[in-house]
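Trainee: give the three-dimensional model of this entry:
(2 chains)
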Protein chains: 2
Amino acid sequence: MEQFSALPLVVLSEQFAALPGIGMKTAQRLAYAVMEMPTEQAEAFAAAILNARNTVHECSKCCNLTEQTVCSVCANVKRDASTICVVEGPKDVTAIERVGEYHGVYHVLHGLISPLDGVSPEQLRVDALLARVRSGGVKELIMATNPSVEGEATAMYLSRLFKPLDVKVTRLAFGLPVGGVIEYTDEVTLFRALSNRSEM
Amino acid sequence: MEQFSALPLVVLSEQFAALPGIGMKTAQRLAYAVMEMPTEQAEAFAAAILNARNTVHECSKCCNLTEQTVCSVCANVKRDASTICVVEGPKDVTAIERVGEYHGVYHVLHGLISPLDGVSPEQLRVDALLARVRSGGVKELIMATNPSVEGEATAMYLSRLFKPLDVKVTRLAFGLPVGGVIEYTDEVTLFRALSNRSEM
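Mentor: Numbering: from 1, shown residues only, chains lettered A, B, ... in the order given. Below you'll find the model as predicted:
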């Protein structure tokens, strides 16, 4: 750690460095930036952190982050509550909502099963999903976890858990990304694109 | 701006995005990271911002950031107060202190003269430096500003301002960086290295 001229700056830069993707050098730069902003802005920054933590919590239905008891998607009667899109985190909900073509609801797991990182299904919002499905009315679960080892393992685990409950479990399609180049596509993606080919 | 599920997250990510080098995507990621940290850590983060702003201010002598009235360098009687190293910001003091070979004191300008950015000498800590020199005992001012257009202009301006006050004004040496490669060195640096060559 760089030596600062004042201890509170060391403390502040350590707080920045605790954020993901922020190294020591950047953290130091950000700490100095906080010192250079107008006082009101620094106070607003601190207040924004506390306010976000105090007012934002998980939706009682889908576990997405919201200020309300039930999030805006779950509260929307026009959304099809019989289709649940299961995602890793709130960022994935944002990404899918941006498409504007999905009219079902979501379930946010807040993580993926990862034995190496010590994350077991009990630490995810699997029980809440189980309760939603058991309460009836759910026809389809779309596994929209990342195409990574953890994402695949989680989708597989949930698929085995929910199939006996007489609910259709689907997975996002794999294949060539639009705008991609076959020449530079990795073997696994190309294999998936070949095996899942559709008639024209 | 990405759509968030909750307004306080939008506000928090905008605060992060106001920091230098933090784009909208990163700001969003950091806002979610704050939501994922333990409550105590989020509170400590907010407190660190306020604490740094409330307790850290400029040293009454050299204008470096400190918690005391006078910073540790200025308060150190072993430091040679007759030599003042003039730097752009607190980061430069840290860098020079790391060398461990400079025994004089500093003066932090908190910026560089830059007419394009609307920064004139009046906005820098030039008056404070003038007062230090006028109070006597200063033999040398080392211009340790960056070798940029603004850094050069500031060094030049201060040199003209202080030379009539019977004080020696020096500039950091320019030349090949240690470990550098002549083949890849830019023309200006090579020209400086040639013209400032020393006898072996």
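Trainee: off-centre distance for the worst-scoring helix or strand of chain A on mean pLDDT?
Mentor: Across the helices and strands of chain A, mean pLDDT, DSSP states H and E gives its lowest value to helix A:187-195, namely a mean of 84. Here the centre of helix A:187-195 is set off from its chain's centre by 26 Å, with Cα atoms, centre = their mean, to the nearest Å.
Trainee: swap in stretch A:116-136?
Mentor: 15 Å.
Trainee: that stretch and chain B in contact?
Mentor: No - Stretch A:116-136 stays clear of chain B (Cβ under 8 Å from any Cβ of the partner chain), getting no nearer than 12.5 Å. Glycine gets a C-beta too; all of them are placed from N, C-alpha and C.
Trainee: contacting residues around that stretch?
Mentor: If you take Cβ atoms under 8 Å, 6 or more residues apart in numbering or on different chains as the criterion, stretch A:116-136 is touched by A:58, A:61, A:63, A:84, A:86, A:107-113, A:138, A:141, A:154, A:157-158, A:161-162, A:165, A:167.
Trainee: next, name the residue at the spatial heart of chain A.
Mentor: Centroid-nearest residue in chain A: residue A:89, 1.5 Å away (criterion: Cα atoms, centre = their mean).
Trainee: what's in contact with stretch A:96-106?
Mentor: If you take Cβ under 8 Å, 6+ apart as the criterion, stretch A:96-106 is touched by A:61-62, A:64, A:73-74, A:78-87, A:93, A:140, A:142, A:144, B:2-3.
Trainee: OK, contacts around residue A:176?
Mentor: By Cβ under 8 Å, 6+ apart, the neighbours of residue A:176 are A:182, A:185, A:189-190, A:193.
Trainee: can you do 6 Å?
Mentor: The contact partners of residue A:176, by Cβ atoms under 6 Å, 6 or more residues apart in numbering or on different chains, come to residue A:193.
Trainee: that one: which element?
Mentor: Of the helices and strands defined by DSSP states H and E, none includes residue A:176.
Trainee: quick check: residues of chain A near chain B?
Mentor: With the criterion set to Cβ under 6 Å from any Cβ of the partner chain, chain A comes near chain B through A:2-3, A:5-6, A:8-9, A:11-12, A:15, A:19-20, A:30, A:33-34, A:42, A:45-46, A:48-53, A:55-56, A:64-67, A:71, A:90, A:94.
Trainee: which members of the residues you listed are classed as buried?
Mentor: Neighbour-count burial within these applies to A:2, A:5-6, A:8-9, A:11-12, A:15, A:19, A:30, A:33-34, A:42, A:45-46, A:48-53, A:56, A:64-67, A:71, A:90, A:94; the criterion is 16 or more other Cβ atoms under 10 Å in any protein chain shown.
Trainee: still on that earlier bit, which of the contacts of stretch A:96-106 fall within helices?
Mentor: A:73-74, A:93 (DSSP state H).
Trainee: nearest to residue B:148, of the residues you listed?
Mentor: Nearest to residue B:148, judged by Cβ to Cβ, of the ones in helices among the contacts of stretch A:96-106 is residue A:93 at 44.8 Å.
Trainee: let me know the pLDDT of the closest one.
Mentor: Looking at residue A:93, its pLDDT reads 92.
Trainee: tell me what the longest helix belonging to chain A is packed against?
Mentor: Ranked by residue count, the top helix of chain A under DSSP H comes out as helix A:39-55. Packed against helix A:39-55 by the contact rule (3 or more Cβ pairs under 6 Å, 6 or more residues apart in numbering or on different chains; DSSP states H and E) you find helix B:7-17, helix B:39-55.
Trainee: what's the angle from the longest one to helix A:7-17?
Mentor: Going back to what we said before, that points to helix B:39-55. 140 degrees (axes from the mean of the first three to the mean of the last three Cα atoms, to 10 degrees).
Trainee: state the mean pLDDT of helix B:39-55.
Mentor: Per-residue scores along helix B:39-55 average to 95.
Trainee: can you name the next helix or strand after that helix?
Mentor: Per DSSP H and E, the helix or strand that comes after helix B:39-55 is strand B:57-58.
Trainee: what sits up against that next one?
Mentor: Residues outside strand B:57-58 that contact it (Cβ under 6 Å, 6+ apart): none are found.
Trainee: please repeat the previous calculation with a cut-off of 7 Å.
Mentor: Strand B:57-58 has contacts (Cβ atoms under 7 Å, 6 or more residues apart in numbering or on different chains) with residue B:65.
Trainee: same check, this time on stretch A:178-191
Mentor: Contacts with stretch A:178-191, where a contact means Cβ under 7 Å, 6+ apart, come from A:174, A:176.
Trainee: also stretch A:24-40?
Mentor: Stretch A:24-40 is contacted by residues A:1-2, A:9, A:12-13, A:16-17, A:42, B:19-20, B:49, B:52-53, B:56, B:65, B:90-91 when judged by Cβ under 7 Å, 6+ apart.
Trainee: buried residues of that stretch, list them for me.
Mentor: Across stretch A:24-40, burial judged by 16+ other Cβ under 10 Å covers A:26-35, A:37.
Trainee: which one among those gets closest to residue A:197?
Mentor: Using Cβ to Cβ, these come closest to residue A:197 at residue A:26, 45.2 Å.
Trainee: would you verify that that closest one is located in a helix?
Mentor: Yes - counting by DSSP: H, G, I helix; E, B strand; the rest coil, one finds residue A:26 located in a helix.
Trainee: how much space separates it from residue B:102?
Mentor: According to Cβ to Cβ, to the nearest Å, residue A:26 stands 26 Å off from residue B:102.
Trainee: count the residues that sit near residue A:58.
Mentor: By the measure other Cβ atoms under 10 Å in any protein chain shown, the count of residues near residue A:58 is 17.
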